[in-house]
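Undergrad: Quick one: sequence and predicted model below, then my questions.
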Amino acid sequence: MSTPERVMPPLDADERTSLESWLDFYRSTLAQKCDGLEEHQLREASVAPSPITLLGLVQHMAEVERNWFRRVLAQEDAPPIFENGAGPGTHDGGFDLAEGATYQKALAVWRAEIARARAHCAARSLDDTSPFMGGQVTLRWIYTHLIAEYARHCGHADFLRERLDGLTGV
């Protein structure tokens, strides 16, 4: 699987295009941070004392996409994807790596969740709401939250990648 090109969001777009473009920019950034690394590097927690890995970040973002766009926005019953090492039914947001976890598997799951997210958003306006925490959350809020979540984790990925092979600025 090739890494999609990272496209700079347009400078003069409407609100929805801007939000979707920034979300796609950060999705591509995370994929680029993983591009070209060996499986063992993607599993390496290289910023002590944190156990976070690039593979764990990809798994986590698949869980985040599933949570916000399927569970919250579409109100689907979508169970967690990745269980942690504590046994069946346990969940850590995707950060823990199962023994058989691979980047190709996680990447396929993440891309599938992104495709589902796009499908759920296509027919909705930014002002459409879904029940959340005793209130209502708009699609606009979800997009904004996901942009912030990706930006934060892309910063983590920057540190991980730099410690693994010195690559910066991707």
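TA: Thanks, I have it.

Undergrad: hey, let's count contacts and neighbours off CA atoms from now on
TA: Will do.

Undergrad: List the contacts of the most centrally placed residue in the chain.
TA: By CA atoms, centre = their mean, the chain has its centre lying nearest to residue 61, at 2.5 Å. By CA atoms under 8 Å, 6 or more residues apart in numbering, residue 61 lies in contact with 94, 110, 150.

Undergrad: Go through the residues you listed and name the one nearest residue 35.
TA: residue 110 (14.7 Å; CA to CA).

Undergrad: Quickly find the element holding the closest one.
TA: helix 103-122 (DSSP states H and E).

Undergrad: Tell me the helix or strand right after that helix.
TA: Next element after helix 103-122 (DSSP H and E): strand 129-132.

Undergrad: For that following strand, which strands pair with it and how are they oriented?
TA: Each strand paired with strand 129-132, and its direction, by DSSP bridges: strand 135-138 (antiparallel).

Undergrad: Would you mind putting the CA coordinates of the strand it pairs with into CSV?
TA: C-alpha atoms of strand 135-138 as CSV (Å, rounded to 0.1, in the frame of the first residue of the first chain):
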residue,chain,number,x,y,z
GLY,A,135,-26.5,16.8,24.8
GLN,A,136,-25.9,17.1,21.1
VAL,A,137,-22.7,17.3,19.1
THR,A,138,-22.4,18.8,15.6
